[in-house]
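**Q** how would this look folded up:
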Amino acid sequence: MTMIEKNIFRPLPNIKKSNLQFSETGVEQEEEVDPAWPHLQGIYEFFLQLVINEAVEVRALKVYVTPQFVQEFLELFDSEESVERDYLKNILHKLYAKLVPRRKMI
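**A** Numbers count the residues shown, from 1 in each chain. Predicted coordinates:
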């Protein structure tokens with residue numbers, strides 16, 4: 001869990017939306033991807049697999065999912081990276097389902 005925390009809890013980058021493209025439906029902006037995203041995606045995938053793994057005991061997860069962890073995790077929803085927000089949503093949903101004692105906090 002320390003590896004996960006050290007990687008995902010970070011200052012969020014300010015990604016500029018640029019490269020206006022004109023199409024028949026109007027003006028579209030091409031989103032720039034966070035340069036760290038390929039690395040972060042692996043971390044999020046690992047975290048998701050850890051949470052859904054039946055072999056991981058609730059007791060073990062509960063030790064790491066503290067109020068501070070939940071606070072920092074929720075702040076990541078401010079990310080401009082839509083794929084990151086999808087991972088956050090899925091992980092939070094799985095944590096909520098698995099960690100009944102932590103639901104109030106979530």
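
**Q** now name the helix or strand holding the residue nearest the centre of the chain.
**A** Closest to where the C-alpha atoms of the chain average out (CA atoms, centre = their mean) is residue 88, at 3.2 Å. Taking DSSP states H and E as the criterion, residue 88 maps to helix 82-98.

**Q** which other helices and strands does that helix contact?
**A** Applying 3 or more CB pairs under 8 Å, 6 or more residues apart in numbering; DSSP states H and E, we find helix 82-98 packed against helix 37-52, helix 58-64, helix 67-75. Every C-beta, even on glycine, is put in place using the N, C-alpha and C of the backbone.

**Q** and the angle from the last one to helix 37-52?
**A** With axes from the mean of the first three to the mean of the last three CA atoms, to 10 degrees defining the directions, helix 67-75 sits at 130 degrees from helix 37-52.

**Q** and the contacts of helix 67-75?
**A** 5, 8-9, 88, 91-92, 102, 105-106 (CB atoms under 8 Å, 6 or more residues apart in numbering).

**Q** of those, buried ones?
**A** Buried by 16 or more other CB atoms under 10 Å: 5, 8, 88, 91-92, 102, out of those.

**Q** wait, which of the contacts of helix 67-75 is closest to residue 57?
**A** Residue 57 has its nearest neighbour among these in residue 102, at 13.9 Å by CB to CB.

**Q** quick one, what contacts the residue nearest to that closest one when sequence neighbours are not counted?
**A** Spatial nearest neighbour of residue 102, chain neighbours left out: residue 65 (5.4 Å); criterion: CB to CB, 6 or more residues apart in numbering. With contact set as CB under 8 Å, 6+ apart, residue 65 has these partners: 95, 99, 102, 105.
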